[in-house]
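Colleague: give me coordinates for this.
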Amino acid sequence: MILVDIPAYVTRWLADETAQKVYQNVWNGLHEVATTWQLTRAYADWQYEMVWMSLYFSLAVWMSIYLINAPQLDKNLKVKS
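Modeller: Down below sits the predicted model:
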């Protein structure tokens, strides 16, 4: 997220600020999210999302599984009760 996702959103936000984009209020934004649906399969619409989605839904999932099954670093560690 730090290397891909956050910089992508910051870049997008800075471009919107440069273009003097007018932002919606919360209620209008919620209404748009709840009602606007447009299916697209165009590569250009997804090219920037593909990087973080691919990493998140592949590498991050496998890392999570590894962490659950990872060997303990110190098997002699005593847990205080």
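Colleague: show me what the strand or helix carrying residue 31 is packed against.
Modeller: For residue 31, the element it lies in under DSSP states H and E is helix 26-35. Based on contacts counted as 3 or more Cβ pairs under 8 Å, 6 or more residues apart in numbering; DSSP states H and E, there is no element that helix 26-35 packs against. Quick note: C-beta positions are derived from backbone N, CA and C, even for glycine.
Colleague: low pLDDT regions in the chain?
Modeller: 75-81 (pLDDT under 70).
Colleague: and for residue 66, the neighbour number?
Modeller: 9 (other Cβ atoms under 10 Å).
Colleague: which neighbouring elements make contact with the helix or strand just after the helix holding residue 31?
Modeller: Scanning forward in sequence from helix 26-35 by DSSP H and E, the next helix or strand is helix 43-54. For helix 43-54, the contact count by 3+ Cβ pairs under 8 Å, 6+ apart identifies helix 5-18 as packing neighbours.
Colleague: contacts for the helix it packs on?
Modeller: 48, 51, 52, 56 (Cβ atoms under 8 Å, 6 or more residues apart in numbering).
Colleague: try stretch 32-40
Modeller: With Cβ under 8 Å, 6+ apart as the criterion, stretch 32-40 contacts 24, 46.
Colleague: distance between the ends of it?
Modeller: One end of stretch 32-40 sits 17 Å from the other (Cα to Cα, to the nearest Å).
Colleague: quick one, phi psi at residue 37?
Modeller: Phi and psi for residue 37, reported as degrees, to the nearest 10, are phi -130, psi 120.
Colleague: how many residues are close by the residue lying closest to residue 24 once chain neighbours are set aside?
Modeller: Spatial nearest neighbour of residue 24, excluding adjacent residues (Cβ to Cβ, 6 or more residues apart in numbering): residue 32 at 6.9 Å. For residue 32, the count of nearby residues is 10 (other Cβ under 10 Å).
Colleague: over to residue 13?
Modeller: Look at residue 13: counted by other Cβ under 10 Å, it has 11 neighbours.
Colleague: now residue 70
Modeller: Number of residues near residue 70 (other Cβ under 10 Å) recorded here: 9.
Colleague: again with the one 3 residues further on
Modeller: By other Cβ under 10 Å, 6 other residues sit near residue 73.
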